[in-house]
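Undergrad: build me a structure from this.
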Amino acid sequence: MAQQIIDNEARAQQLSRAIASDIQLYNKAKIEQGLKDDNFFEVLGEEITEGRDLFRSRVTPELFRRNFFDRAIVDRVIKTMANLDTGIW
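TA: The predicted structure is shown next:
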């Protein structure tokens, strides 16, 4: 059975947060190192691209353009590491 495309803003935000949370859960060491070395987006490029592609495949183009996924990466992955000792903050 094919997945239904999400056309509801709240569900799209929920999906973006779930994908970002999975990235955070399975890549903690990589995230810490990327933030410490100030190369987060290079180190996690593959995971972020994969997550963004998944999100894009599950929501309408209009909802994809609202940047819910990118905001979820900041909120669920980067901000959760605010106590990390790094020079970028």
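Undergrad: helices along this protein, start to end?
TA: With helices called from DSSP state H, the chain shows them at 9-26, 28-36, 40-43, 45-58, 61-64, 68-72.
Undergrad: also compute the angle for the first one relative to helix 45-58, please.
TA: Just to be clear, that refers to helix 9-26. 160 degrees (axes from the mean of the first three to the mean of the last three Cα atoms, to 10 degrees).
Undergrad: hmm, back to that, quick one: closest of the helices of the chain to residue 81.
TA: Of all those, helix 28-36 sits nearest to residue 81, with 5.6 Å by Cβ to Cβ. No exception for glycine: its C-beta is placed from N, CA and C like everyone else's.
Undergrad: show me how far the closest one is from its chain's centre.
TA: Distance, stretch centre to chain centre, for helix 28-36: 14 Å (Cα atoms, centre = their mean, to the nearest Å).
Undergrad: now do it against helix 9-26, angle only.
TA: Angle of helix 28-36 versus helix 9-26, following the same axes, to 10 degrees, is 100 degrees.
Undergrad: what packs against helix 28-36?
TA: Applying 3 or more Cβ pairs under 8 Å, 6 or more residues apart in numbering; DSSP states H and E, one finds that helix 28-36 contacts helix 40-43.
Undergrad: list the buried ones in the helix it packs on?
TA: Burial within helix 40-43, assessed by neighbour count using 16 or more other Cβ atoms under 10 Å, is assigned to 40, 43.
Undergrad: ditto for stretch 54-69
TA: Buried positions in stretch 54-69, judged by neighbour count with 16+ other Cβ under 10 Å: 55, 58-59, 63-64, 68-69.
Undergrad: go ahead and confirm residue 66 touches residue 12.
TA: Yes: using Cβ atoms under 8 Å, residue 66 is in contact with residue 12, at 7.4 Å.
Undergrad: which residue, neighbours along the chain excluded, lies closest to residue 70?
TA: residue 52 (7.9 Å; Cβ to Cβ, 6 or more residues apart in numbering).
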